[in-house]
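Student: build the 3D model from these lines:
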Amino acid sequence: MQITETSAEEYGRLFVNLPHIYNSVEFSELNRHKAESLHYLLFKDTKVRFGIVLGERNGVLYSPFSAPFGGFTANRHQQFDVIDDAAKALSEYAKKTGKRIVITLPPLFYDEWRLPCIANALSRVAKSATFDVNYHFCLSDFANYDAVVKPTGKNKLRQAMKEDFQFYAIDRNDTSNIARAYDIIRRNRAEHDYQLRMSYEDVMDTIKIIPADFFLITYKNIDIAAAQIFHSATDICQLIYWGDLRDFAHLRPMNFLAYNIFKYYSMQGVGILDLGPSTEYGVPNFGLCSFKESIGCRSSLKLTFEL
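Tutor: Prediction:
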């Protein structure tokens, strides 16, 4: 199998069935300034089998270079032996260019047929691998939520339901209320000294090409919690940011927010809400893991390979 580089335009024409939104040309080009250069690669034998977008920074090629995950794109199902050939070809490409390649795959529930085979193939050519734990909520579980939520989560939700909370789904064209939601997230990150990678301008630019939803919780007419969610793949929505203000955390607004978001998407007919990883470079945040498990989430692996 051979690897050739192509233009963004040809790549976009060749790959129309994307495994997730972050592999799109539109998203890659929007974030082009976050890499020194972009490389649109095609994997060919008798036909084009796969594509991958790599962003270069400091001599390292990343997929993704500015997203939660990246990986391969294919228009149709590929057999395991073809996947294996693609992994070997990418390993040879890394050796030929003299550059490390770092690939983070989507959590396994994004493609239960293909991703385990891709992970296996990459693991046999990679020099290292990182295993992150990603949480998701199966929205079909909401119909029986009382059975899937853990006792701790159930007690905190019961407490939250007694408070004067109001839940709002914000129209994606309502820029003033999106700004309110973003401000809560910004303040939450500042209170906990967490990095906020997307500026307000980044958010507004991104939602021009990615369908997005925003949610807000008020308490006695005060904004106290918010969430930002992208429609990341067919039947999957992904939590990008959420958080509450420290002064109100004892009222359990996050349990109220989670419950109402689950209810909202279950009524929309969405299959899965991806709540993201609770580990960083494989190291667990046990408090975050415990919270997501308490509200009924399941865990899945999110794998990163270095070639």
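Student: switch to C-alpha atoms for all contacts and neighbour counts from now on
Tutor: Fine.
Student: quick check: Cys117 is in a helix.
Tutor: Yes. Counting by DSSP: H, G, I helix; E, B strand; the rest coil, Cys117 falls inside a helix.
Student: how much space separates it from Asp111?
Tutor: 10 Å (CA to CA, to the nearest Å).
Student: between those two, who's got more neighbours?
Tutor: Using other CA atoms under 10 Å as the criterion, Cys117 and Asp111 rank with Cys117 on top: 17 against 12.
Student: that one against Val82, yeah?
Tutor: No. Cys117 is beyond contact range of Val82, at 10.2 Å (criterion: CA atoms under 8 Å).
Student: any shared contact partners between those two?
Tutor: Counting by CA atoms under 8 Å, 6 or more residues apart in numbering, Cys117 and Val82 have no common neighbour.
Student: in the protein, mark out all the strands, start to finish.
Tutor: 2-6, 37-44, 48-57, 60-63, 100-104, 128-138, 165-170, 212-219, 222-233, 236-244, 272-277, 279-280, 283-284, 298-306 (DSSP state E).
Student: those into a markdown table, with extra columns for mean pLDDT and mean neighbour count?
Tutor: What follows is these, written out as a markdown table (pLDDT from 0 to 100; neighbours: other CA atoms under 10 Å):
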| stretch | mean pLDDT | mean neighbour count |
| --- | --- | --- |
| strand 2-6 | 98 | 15 |
| strand 37-44 | 98 | 19 |
| strand 48-57 | 98 | 22 |
| strand 60-63 | 98 | 22 |
| strand 100-104 | 98 | 22 |
| strand 128-138 | 97 | 20 |
| strand 165-170 | 98 | 17 |
| strand 212-219 | 98 | 21 |
| strand 222-233 | 98 | 21 |
| strand 236-244 | 98 | 21 |
| strand 272-277 | 98 | 23 |
| strand 279-280 | 94 | 14 |
| strand 283-284 | 96 | 13 |
| strand 298-306 | 98 | 21 |
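Student: could those be laid out in TSV, adding distance to Asp202?
Tutor: TSV is the format used below for those (distance: least, CA to CA, whole Å):
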stretch	distance to Asp202
strand 2-6	27
strand 37-44	19
strand 48-57	18
strand 60-63	19
strand 100-104	22
strand 128-138	24
strand 165-170	18
strand 212-219	13
strand 222-233	13
strand 236-244	13
strand 272-277	19
strand 279-280	23
strand 283-284	28
strand 298-306	25
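Student: got the contact list for Asp274?
Tutor: Asp274 neighbours (CA under 8 Å, 6+ apart): 134-137, 236-239.
Student: from Glu5, how far out is it?
Tutor: Asp274 is 32 Å from Glu5, by CA to CA.
Student: before we move on, what about His20?
Tutor: From His20 to Glu5 the distance is 21 Å (CA to CA).
Student: with Leu275 instead?
Tutor: Distance, Leu275 to Glu5, using CA to CA: 34 Å.
Student: how distant is stretch 224-237 from the center of its chain?
Tutor: Its chain's C-alpha centre lies 9 Å from the corresponding centre of stretch 224-237 when counted by CA atoms, centre = their mean, to the nearest Å.
Student: mind saving the C-alpha coords of that stretch as PDB?
Tutor: Listed next in PDB are the C-alpha coordinates belonging to stretch 224-237 (Å, rounded to 0.1, in the frame of the first residue of the first chain):
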ATOM      1  CA  ILE A 224     -24.800  29.100  37.700                       C
ATOM      2  CA  ALA A 225     -24.100  26.200  35.300                       C
ATOM      3  CA  ALA A 226     -23.700  25.600  31.600                       C
ATOM      4  CA  ALA A 227     -22.800  23.100  28.900                       C
ATOM      5  CA  GLN A 228     -21.500  23.200  25.300                       C
ATOM      6  CA  ILE A 229     -22.200  20.200  23.100                       C
ATOM      7  CA  PHE A 230     -21.200  19.300  19.500                       C
ATOM      8  CA  HIS A 231     -23.000  16.900  17.100                       C
ATOM      9  CA  SER A 232     -19.800  14.900  16.500                       C
ATOM     10  CA  ALA A 233     -21.000  11.900  14.500                       C
ATOM     11  CA  THR A 234     -24.100  10.200  13.200                       C
ATOM     12  CA  ASP A 235     -26.300   9.500  16.300                       C
ATOM     13  CA  ILE A 236     -23.600  10.800  18.700                       C
ATOM     14  CA  CYS A 237     -23.400  14.200  20.500                       C
END
